[in-house]
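S.K.: Have a look at this prediction, sequence included:
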Amino acid sequence: MANSPHPSRSAVLHMEITEFWSGDLGLTLISVSLVLLIFLILPLRKAGVVGHFFFDLIMVSLMVSGALVIKQSRMVTASVIAIVLTSATLLWVSRFYPTPLLQQLSSLLSIITMLLYVRIVLLVMFREGPVTWSRIQGGIAAYLFLGMAWAAAYQLVEQLRAGSFHFVSAPADIDQLTSSLIYFSFATLTTVGFGDITPVNPFARSLAIAEAVVGQLFPAILIGALVAMAMQTRPKA
């Protein structure tokens with residue numbers, strides 16, 4: 001009887017990635033990385049170029065691996081990975097060559113990429129199985145990604161129409177602008193609204209209203225979906 005052929009390297013790699021995402025580690029790493037990036041690295045701008053590259057590399061690696069294990073066609077998977085890699089590359093090119101066009105394209109691709117990250121996290125989060133702490137972390141990560149997506153949208157509006165936002169303390173460079181608009185995005189997402197940054201442009205105001213609405217509806221819908229999932233997976237007496 002002939003021996004069964006050994007699995008290919010790609011098959012072994014896919015099995016390892018699937019096993020990685022089947023536990024809590026994947027969504028935990030995403031949540032921890034996002035919290036550090038949003039609430040420590042970006043506001044304080046302490047990481048420098050190397051630190052930003054390290055965090056970006058972690059996030060891109062996690063999202064590419066997540067895209068490989070969720071159930072979708074190969075064409076969709078390839079498109080998602082291509083957009084993620086292109087967005088990351090353009091982001092770093094725009095850092096070294098900060099032309100208005102490159103920065104605008106980087107902001108546009110960042111919006112698309114963050115929304116794709118939300119999709120990947122939610123698909124991983126709502127895979128079959130019991131409701132665990134991992135799924136709660138996935139909900140937190142998706143919520144944070146939404147805030148990042150809106151921050152990129154605000155940045156694109158400001159880049160296209162300078163003066164779309166009124167700042168009490170005007171940003172001196174692109175890093176300060178990014179940090180300020182991330183702060184504004186999460187203040188709007190959570191409907192805190194301190195008032196030190198205000199949208200002036202009508203489109204910027206519409207984006208802010210939409211974010212405030214989504215910020216209230218998303219957690220409620222997510223909690224309801226998790227409760228329904230827990231009820232379905234609960235063993236019947």
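M.R.: Sure thing, it's come through.

S.K.: And stretch 167-177, end to end?
M.R.: 10 Å (CA to CA, to the nearest Å).

S.K.: Val157 and Ala208 touch, don't they?
M.R.: No: Val157 lies out of contact with Ala208 (CB atoms under 8 Å); the separation is 10.2 Å. Backbone N, C-alpha and C define where each C-beta goes, glycine included.

S.K.: Specify which residue of the two has the higher count of neighbours.
M.R.: Under the neighbour definition other CB atoms under 10 Å, Val157 and Ala208 were set side by side, and Ala208 has more, 23 against 20.

S.K.: From Ile111, how far out is the more buried one?
M.R.: 15 Å (CB to CB, to the nearest Å).

S.K.: What of Met229?
M.R.: 29 Å.

S.K.: now Phe165
M.R.: 16 Å.

S.K.: Which of the two has more residues huddled nearby?
M.R.: Between Phe165 and Ile111, counted using other CB under 10 Å, Phe165 has the larger neighbour count: 23 against 19.

S.K.: wait, doesn't that one sit right on Phe184?
M.R.: Yes: counting by CB under 8 Å, Phe184 is a contact partner of Phe165 at 7.3 Å.

S.K.: what sits against the residue nearest to Thr178 when sequence neighbours are not counted?
M.R.: What sits nearest to Thr178 in space, not counting adjacent residues and going by CB to CB, 6 or more residues apart in numbering, is Gln155, at 6.2 Å. Shown in contact with Gln155 (CB atoms under 8 Å, 6 or more residues apart in numbering): Ser107, Ser110, Leu177, Thr178, Leu181.

S.K.: Find the pair from the residues you listed with maximum spatial separation.
M.R.: For those, the maximum inter-member distance is 13.0 Å, found between Ser110 and Leu177 (CB to CB).

S.K.: Pull out the buried positions in the helix or strand that contains Phe184.
M.R.: Per DSSP states H and E: Phe184 is located in helix 174-189. Of the residues in helix 174-189, those with enough neighbours to count as buried (16 or more other CB atoms under 10 Å) are 174, 177-189.

S.K.: So which of those is the closest to Glu128?
M.R.: Comparing those against Glu128 with CB to CB places Leu189 closest, at 29.8 Å.

S.K.: these two touch, right, that closest one and Trp150?
M.R.: Yes: between Leu189 and Trp150 there is a contact under CB under 8 Å: 6.8 Å.

S.K.: anything in contact with each of the two?
M.R.: Counting by CB under 8 Å, 6+ apart, the shared contacts of Leu189 and Trp150 are Glu211.
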